[in-house]
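[1] when you get a sec, could you give me coordinates for this:
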Amino acid sequence: MLIQILIFVVALFVLIMSARFFTKSAEVIGAWMKLPSFVIGIFIVGIGTSLPELISGLISINKGVSEILPGNIMGANISNLLLITGIAVVLNRKTITLSSAYLYIDLHFLIGSFIYFVVIAYDGVMDFSESIMGLFIFIVYAIYLIKGGVTELGSSKDIKRQSFPFKSMVFLLLACTGIYFGADYTVSSLDQIATGLHVPRSIIALTLLSLGTTLPELAVNIAAINQGKAEMALGNILGSSVFNTLVIPSIASVFGTIQVPANLLSFSLPFMAACGLLFYLLTQDKKISVWEGLMFILLYVLFIIKVITI
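    Numbers count the residues shown, from 1 in each chain. Presented below is the predicted three-dimensional model:
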């Protein structure tokens, strides 16, 4: 058991670090291609920080333990909205004011994506015919962002074209390899740990795995806060949650039917939906205070305690 726990920790570390190298390399290549900073900041960073959830989900289906995927998605979303947001606000040490119009686009689609996930998961099975709708919703979300005034984020067209970043391309390919093997060993060791502890795999995914796979979001957000971009940190959190909820089930269901265990349906799914609604309501005054951030952290701690004791 100790060996499997060690493998899990090392594999998760490799997965997270590979995702970070992937994101940084993709940013450099995107800038070289003169992509708008919106595309780099929202899509490349957003997708890059969600790669651990996506790849580990695909591998879990391939290994016949698909219940890991919904547990990871629910846990990652709850961690993003409560723990990561709470830490971001507390580290900022002052109220975060939401002034960018694009954040409200994110908020609306956050609620919509959670409704989508509840609808496809409530019967305990997510198959391709219903999950694929999430991909279309995400496309609408992307188009809406582009047309919704997000050009306020600027453009990278003023960047002088330099020589092709071969080094970044090599790191990108190495990162892809690291993500695959990191996710593979993470899922395998998680399966062994759950079997050894006689704990459902979905619960381990809901807690340990989801907390680990949201570390890239935490790292990105801490960097944004240190640069005085606390509002951008919240945008990363919302964008990542929307991507997790809409795109991951859509892609994963191509490779097989996703099972949603009863222990997730009875508590974690309603709790995730409640977190989305709470986040939406508390941000209607365009502010998130430090006190609200502390409340988010405590609610996450309560969630973990409740999951462990159920």
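[2] hmm, Ser131 is touching Gly256, no?
    No: counting by CB atoms under 8 Å, Ser131 does not reach Gly256; the two are 11.0 Å apart. Every residue, glycine included, has its C-beta placed from N, CA and C.
[3] which of these two has more neighbours?
    Ser131 (24 against 16; other CB atoms under 10 Å).
[4] quick one: pLDDT of the more buried one?
    pLDDT, Ser131: 94.
[5] who's in contact with it?
    Residues in contact with Ser131 (CB atoms under 8 Å, 6 or more residues apart in numbering) are 120, 249-250, 252-253, 258.
[6] same check on Asp123?
    If you count contacts by CB under 8 Å, 6+ apart, Asp123 has none.
[7] doesn't it fall inside a helix?
    No: assigned with DSSP: H, G, I helix; E, B strand; the rest coil, Asp123 falls outside any helix and is coil.
[8] report the separation between Ala252 and Leu69.
    Distance, Ala252 to Leu69, using CB to CB, to the nearest Å: 6 Å.
[9] overlap in contacts of these two?
    Shared contacts of Ala252 and Leu69, defined by CB under 8 Å, 6+ apart, comprise 57, 61, 258.
[10] now, which of those lie within strands?
    Mapping the shared contacts of Ala252 and Leu69 onto strands (DSSP state E) picks out Ile258.
[11] so which one among the shared contacts of Ala252 and Leu69 has the lowest pLDDT?
    The minimum pLDDT among those falls on Gly57, with 87.
[12] ok, that one touching Ile248?
    Yes: under the criterion of CB under 8 Å, Gly57 makes contact with Ile248 at 5.5 Å.
[13] quick check: neighbours shared by these two?
    Here Gly57 and Ile248 share the contacting residues 69, 73, scored by CB under 8 Å, 6+ apart.
[14] about what we covered before: quick one: which of Ala252 and Leu69 has more around it?
    Using other CB under 10 Å, the more surrounded residue of Ala252 and Leu69 is Leu69, with 29 against 26.
[15] for that one, which non-adjacent residue is closest in space?
    Gly57 (3.9 Å; CB to CB, 6 or more residues apart in numbering).
[16] what residues are up against the one you found?
    Listed by CB under 8 Å, 6+ apart, the contact set of Gly57 reads 68-69, 72-73, 248, 252.
[17] restricted to helices, list these.
    68-69, 72-73, 248, 252 (DSSP state H).
[18] Phe271: which of the residues you listed is nearest?
    Closest approach to Phe271 among the ones in helices among the contacts of Gly57 (CB to CB): Ile73, at 13.0 Å.
[19] what helix or strand is the closest residue to that closest one other than its chain neighbours on?
    Counting by CB to CB, 6+ apart, Ile73 lies nearest to Asn244, which is 5.4 Å off, once chain neighbours are set aside. Secondary structure from DSSP states H and E places Asn244 in helix 230-252.
[20] strands along the stretch 201-310 of the chain, start to end?
    For the stretch 201-310 of the chain, strands defined by DSSP state E, counting those that start in this stretch occupy the ranges 258-259, 287-288.
[21] which of the ones you listed sits closest to Ile105?
    strand 287-288 (17.2 Å).
[22] other residues contacting that closest one?
    Contacts to strand 287-288, defined as CB under 8 Å, 6+ apart, come from residues 85, 89, 95-98, 234, 282.
[23] repeat that with 7 Å
    Outside of strand 287-288, the residues that reach it under the criterion CB atoms under 7 Å, 6 or more residues apart in numbering are 89, 95-98, 282.
[24] buried residues in stretch 112-122?
    For stretch 112-122, a neighbour-count test (16 or more other CB atoms under 10 Å) marks 112-114, 116-118, 120-121 as buried.
[25] out of the residues you listed, list just those in helices.
    Using DSSP H, the members of the buried residues of stretch 112-122 that fall in helices are 112-114, 116-118, 120-121.
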